[in-house]
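Trainee: need a structure here:
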Amino acid sequence: MKKVVLAIITIILLFPSLNYGKSEDIVYKRIAVYPSIVPAVKVLETSLKYGWHANGKTYVFLVNEISQKDILLGKLRNYDALVIGASGRQYLYGIDKLWKERVRQFIASGGGYLGICGGANEASMGYEKPSNAMDYLINKAVLRIANVYINDDQDQEWQYLYKTAGIEGGVPIECRLLRHPIFEAYPNDTRIIRYEGGPGMYPANANDKLLGEIEPIAIYNEEPSEKAPLHHWYKKWGKWYMDGNITTDIKGQYAGIATTYGKGRIVLFGPHPEEITMIGGHVEEFPGRSKYTLFREKYLYRWTGGNYTSWGYNWWIVRRSMAWICGIDDMPSINDVVTIFRVPNNFMHMLYIDGRMIMPVPQNIVIGSINIQAFVSNAEHVSFYVDGKLVKDVSSPPYTWKANLKGKHEIMIKAFDGNSFAYDEIEAYFI
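Mentor: Just a heads-up that it's a prediction; the model follows:
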């Protein structure tokens, strides 16, 4: 609870333009994000650091990470919504009946839930026909708060995760968007969203009076294995040989759904609206190493030859989903104002010496001076703060500020665009 209170105080201090009128003019929604070593979850967390003005009110998402221990201790009660993204650890924690019951009670009592990729699996009824040990593990761990089965086969859809070449991987899949408040301001009926092994979803038949009606909000318009054909490979005597096709079957199934569980609202996505994607291009397979291969040489894939979108290309989907989950009728606009720390890196803590990145460490450590750098898109101006004090305003790139600090400090960047704003924050030790 202390972290939440500090976050609220920090936001009030750092957004003086919001601190006007009566206190009821500002609406804070506290978002708990389940952490992961998967970078996509850090991106998801950053995409939600957002606020907007509408109809005389200002809405602000206050985003904090929440641990397994916090959930077991009942600390979800301090939040309005829980987010689980592309992580596998919830499958292990979900086996714990107390952990599972805490989450289910939170949502049934009115808390919200946003699940993306693995987080969608976790909310579902699991596999209708489990066929291997991983399927049975997931079925034991799932929350059963959304009345859908998942189609996410280890030898099919999951291969688009296991074989990905990191940021270069992922397949841009067209999804058909259906009528829902999340998409009502979007002028088209399709959208390209990055796909990386997530589920197709389809109706289940569970009998739980708390389960709400399933409302499909997005449909897979393309088949991953048709748009980006991948293969199984084996190596013999130093030479690679193709050993069959990887075939997915999620086209036409749900890519996104909205539903309720008790008093709580839920949105699930199989693909990744929080991640950067590419328009155009094609798939390439090549021998390489990744954490999913335990850094052994295997055949991976990358998507290449197209044009990268901005990081915030689909962040409006995440933000509007969260607004709907939190019961906000004044939905944020469709824009992609973004700010992300480049230096220091907010996705991986590093040691810096005179601005040079040296190696990963448990916390950001800066020795000497450093140019604080931000990636910013679609912003009218950007502000840098240290411990709640404005230190620099920037109206055009490059978005940098040279820091000569000592001790532990919190640095925040705010990027403004009309009636909306994005922010990012880091802590670092300066020596």
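
Trainee: residues in contact with His381?
Mentor: With contact set as CB atoms under 8 Å, 6 or more residues apart in numbering, His381 has these partners: 393-395, 415-416. The C-beta positions use only the backbone N, C-alpha and C, and glycine is treated the same way.

Trainee: now that we have these, which one has the most neighbours?
Mentor: Ala415 (27 neighbours; other CB atoms under 10 Å).

Trainee: Now do the buried residues in the host helix or strand of Asp135.
Mentor: Assigned by DSSP states H and E, Asp135 falls within helix 133-141. Within helix 133-141, the residues scored as buried using 16 or more other CB atoms under 10 Å are 134-135, 137-139, 141.

Trainee: re earlier: can you list the contacts of His381 in a markdown table and add distance to Val171?
Mentor: Formatted as a markdown table, the contacts of His381 follow (distance: CB to CB, whole Å):
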| residue | distance to Val171 |
| --- | --- |
| Asp393 | 40 |
| Val394 | 36 |
| Ser395 | 38 |
| Ala415 | 29 |
| Phe416 | 34 |
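
Trainee: Could you dump these into JSON lines and include pLDDT?
Mentor: Listed next are the contacts of His381 as JSON lines, based on pLDDT from 0 to 100:
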{"residue": "Asp393", "pLDDT": "96"}
{"residue": "Val394", "pLDDT": "95"}
{"residue": "Ser395", "pLDDT": "93"}
{"residue": "Ala415", "pLDDT": "96"}
{"residue": "Phe416", "pLDDT": "96"}
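
Trainee: between those, which is closest to Met125?
Mentor: Checking the contacts of His381 against Met125 with CB to CB, the nearest one is Ala415 at 40.0 Å.

Trainee: Under the pLDDT cut-off, which ranges of the stretch 51-200 of the chain? List them.
Mentor: Filtered on pLDDT under 70, the stretch 51-200 of the chain yields no residues whatsoever.

Trainee: can you give me the strands in it?
Mentor: Along the stretch 51-200 of the chain, counting by DSSP state E, counting those that start in this stretch, strands occupy 57-65, 81-84, 112-116, 148-151, 171-177, 190-195, 200-203.

Trainee: nearest to Tyr34, of these?
Mentor: Here strand 81-84 is closest among the strands of the stretch 51-200 of the chain (CB to CB), at 4.7 Å.

Trainee: How far off centre is the closest one?
Mentor: 10 Å (CA atoms, centre = their mean, to the nearest Å).

Trainee: cool, and stretch 137-148?
Mentor: 20 Å.

Trainee: end-to-end on it?
Mentor: 17 Å (CA to CA, to the nearest Å).

Trainee: Give me the contacts around it.
Mentor: Contacts of stretch 137-148 (CB under 8 Å, 6+ apart): 90-95, 100, 103-104, 107, 113, 121-127, 130, 150, 201-206, 208, 210-212, 214, 254, 257, 259, 261, 264, 266, 268.

Trainee: Would you mind writing the PyMOL command to select the buried ones in those residues?
Mentor: Entered in PyMOL, the line below selects the buried ones among the contacts of stretch 137-148, by 16+ other CB under 10 Å:
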select buried, resi 90+91+93+94+100+103+104+107+113+121+122+123+124+125+126+127+150+201+202+204+211+212+214+254+257+259+261+264+266+268
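
Trainee: Just the ones in helices from the contacts of stretch 137-148, please.
Mentor: Of the contacts of stretch 137-148, the ones assigned to helices by DSSP state H are 90-93, 100, 103-104, 107, 121-123.

Trainee: just those now: which is nearest Val38?
Mentor: Closest to Val38, out of all of the ones in helices among the contacts of stretch 137-148 and judged by CB to CB, is Gln90, at 11.5 Å.

Trainee: Ile116 is in contact with that closest one, correct?
Mentor: No. Using CB atoms under 8 Å, Gln90 is not in contact with Ile116; the gap is 11.8 Å.

Trainee: Can I get the strands of the stretch 51-200 of the chain in JSON lines including distance to Pro360?
Mentor: Output for these, formatted as JSON lines (distance: least, CB to CB, whole Å):
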{"stretch": "strand 57-65", "distance to Pro360": "18"}
{"stretch": "strand 81-84", "distance to Pro360": "25"}
{"stretch": "strand 112-116", "distance to Pro360": "25"}
{"stretch": "strand 148-151", "distance to Pro360": "34"}
{"stretch": "strand 171-177", "distance to Pro360": "29"}
{"stretch": "strand 190-195", "distance to Pro360": "25"}
{"stretch": "strand 200-203", "distance to Pro360": "36"}
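
Trainee: Cheers, nothing more for now.
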